[in-house]
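K.L.:
Kindly return the folded structure for what I paste below:
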Amino acid sequence: MFEPLIKPIIQGGMGIGISLGNLAGAVMAEGGMGVISAAHPGYREPDFWQNSCEANCRALQKEVQKARVRSQGKGLLAINIMSISTDYVKYVKASVKAKVDAIISGAGLPLSLPKWVPHDILLAPIVSSGKACDLICKVWEKRYHRLPDFVVIEGYQAGGHLGFDQEDLQADTCPSNVKILQDVLTVLGTYDDTIPVFVAGGIYDRDDIEAIRKQGAYGVQLGTRFIATYECDAHIRFKQAVIQCKKADIRIIKSPTGFPGRALNTPFVQNHTGYMSVTHCLHCLRSCDPQHTPYCISRALINAVKGDIEHGVVFVSAQADRIDHIVSVHELMEELL
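P.N.:
Reported below is the predicted structural model:
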């Protein structure tokens with residue numbers, strides 16, 4: 001099932017608008033798995049603020065086609081869908097309609113995902129513990145007679161929303177990638193020990209990839225490194241914010257999603273209480289209460305991807321400060337493996 005995957009590298013799904021068809025297609029062309037984020041891919045559609053779900057589903061089709069054209073039949077194409085999305089089922093069905101190769105789902109437990117997806121589309125949960133992996137496998141097998149086609153482990157050094165307690169993240173007491181990998185491999189051994197596992201979070205270079213593969217991982221997933229590429233779908237100011245950041249600029253934040261996140265310490269992040277009121281709620285996340293949330297995460301992410309860093313949130317990994325220049329996807333993939 002992974003025959004088109006010449007290199008066992010998944011480009012992580014990054015929203016809003018960071019990983020769309022251009023970046024995903026470029027990664028696919030190099031023999032990797034390109035991933036389009038289902039987090040508001042339609043933010044540039046003219047009716048987005050009035051009909052966000054319809055705009056997103058429409059844009060998803062466009063971005064899939066763009067990726068397919070750019071990849072010229074190489075690699076694999078996945079959609080990353082947050083399970084806490086209010087319109088989760090609609091985005092899953094839109095992905096199926098677009099005939100993607102895989103659906104990757106995290107930000108919560110995607111326990112019902114197989115219900116809407118045929119067997120010719122690969123399914124992968126994102127987990128941060130063996131316990132979560134076990135629960136997903138147990139539920140999927142019992143309800144749908146299906147197991148994950150592959151699993152993505154997201155470690156605590158990843159960017160964006162994280163499946164760990166904020167206290168552990170700030171105290172640096174989260175389990176290592178190797179520990180989580182060992183736990184997940186043990187769990188999968190009780191179901192099907194041939195299920196491939198990809199590890200994300202803190203993976204920066206070839207040495208990191210080789211080290212984690214020696215521990216039993218099939219491959220890796222990287223997000224932040226792909227931001228600093230010419231093909232990344234974000235504004236140039238977004239990319240510049242990443243390549244210019246220092247270690248002290250990276251911090252753990254509280255997100256309206258209910259999950260902690262790792263992001264740059266932009267002016268918005270420093271002053272987020274009262275800095276941006278929720279004037280138009282998109283009702284995009286089940287866990288977000290617009291009456292009590294400190295800010296609209298969607299608007300902050302859209303501001304950032306458009307280049308308004310001062311009023312936005314820029315999610316990055318713990319290794320972002322090591323990136324100091326922009327390269328092509330081809331150059332990055334050659335460097336990595």
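
K.L.:
Show me where the stretch 101-250 of the chain has its strands.
P.N.:
Here the stretch 101-250 of the chain has its strands, by DSSP state E, counting those that start in this stretch, at 102-106, 122-127, 151-154, 160-161, 197-200, 219-222, 250-254.

K.L.:
Could you identify which of those is most buried?
P.N.:
strand 151-154 (a mean of 28; mean count of other Cβ atoms under 10 Å). Placement of C-beta: from N, CA and C, glycine included.

K.L.:
just to revisit the earlier point, Serialize the strands of the stretch 101-250 of the chain to TSV and add fields for mean pLDDT.
P.N.:
Putting the strands of the stretch 101-250 of the chain into TSV (pLDDT from 0 to 100) gives the following:
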stretch	mean pLDDT
strand 102-106	97
strand 122-127	98
strand 151-154	98
strand 160-161	88
strand 197-200	98
strand 219-222	98
strand 250-254	92
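
K.L.:
Let me have these in JSON lines, adding distance to Thr190 as columns.
P.N.:
Output for the strands of the stretch 101-250 of the chain, formatted as JSON lines (distance: least, Cβ to Cβ, whole Å):
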{"stretch": "strand 102-106", "distance to Thr190": "22"}
{"stretch": "strand 122-127", "distance to Thr190": "15"}
{"stretch": "strand 151-154", "distance to Thr190": "14"}
{"stretch": "strand 160-161", "distance to Thr190": "29"}
{"stretch": "strand 197-200", "distance to Thr190": "14"}
{"stretch": "strand 219-222", "distance to Thr190": "22"}
{"stretch": "strand 250-254", "distance to Thr190": "34"}
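
K.L.:
Of the ones you listed, give the one that comes closest to Ile81.
P.N.:
Proximity to Ile81 (Cβ to Cβ) singles out strand 102-106 among those, at 5.0 Å.

K.L.:
which SS class is Val269?
P.N.:
Counting by DSSP: H, G, I helix; E, B strand; the rest coil, the backbone at Val269 sits in helix.

K.L.:
that older thread, looking at the strands of the stretch 101-250 of the chain, which is closest to Lys7?
P.N.:
Among the strands of the stretch 101-250 of the chain, strand 219-222 comes nearest to Lys7, with 7.8 Å by Cβ to Cβ.

K.L.:
Go through whichever strand or helix holds Lys90 and flag the buried ones.
P.N.:
Here Lys90 sits within helix 88-97, counting by DSSP states H and E. By neighbour count on 16 or more other Cβ atoms under 10 Å, the buried set for helix 88-97 is Tyr88, Lys90, Tyr91, Val92, Ala94, Ser95, Val96.

K.L.:
From the chain's centroid, how far away is it?
P.N.:
Centroid separation between helix 88-97 and its chain, computed with Cα atoms, centre = their mean, to the nearest Å, is 17 Å.

K.L.:
Kindly export that helix (C-alpha atoms) in PDB.
P.N.:
Coordinates of each C-alpha in helix 88-97 appear next as PDB, following Å, rounded to 0.1, in the frame of the first residue of the first chain:
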ATOM      1  CA  TYR A  88     -15.700  16.700  10.800                       C
ATOM      2  CA  VAL A  89     -17.900  14.300   9.000                       C
ATOM      3  CA  LYS A  90     -18.400  16.700   6.000                       C
ATOM      4  CA  TYR A  91     -14.700  17.100   5.600                       C
ATOM      5  CA  VAL A  92     -14.200  13.400   5.800                       C
ATOM      6  CA  LYS A  93     -16.800  12.900   3.100                       C
ATOM      7  CA  ALA A  94     -15.300  15.600   1.000                       C
ATOM      8  CA  SER A  95     -11.900  13.900   1.200                       C
ATOM      9  CA  VAL A  96     -13.400  10.600   0.100                       C
ATOM     10  CA  LYS A  97     -15.200  12.400  -2.800                       C
END
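
K.L.:
Residue for residue, what is the longest helix the protein has?
P.N.:
In the chain, taking DSSP state H as the definition, the longest helix is helix 52-71.

K.L.:
what does that helix contact?
P.N.:
20-22, 24-26, 28-29, 34, 36, 38, 40-45, 47-48, 77, 79, 87, 90-91, 94-95, 97-100, 282, 284 (Cβ atoms under 8 Å, 6 or more residues apart in numbering).

K.L.:
make it 7 Å
P.N.:
Contacts with helix 52-71, where a contact means Cβ atoms under 7 Å, 6 or more residues apart in numbering, come from 20-22, 24-26, 28-29, 34, 36, 38, 40-42, 45, 47-48, 77, 87, 90-91, 94-95, 98, 100, 282, 284.
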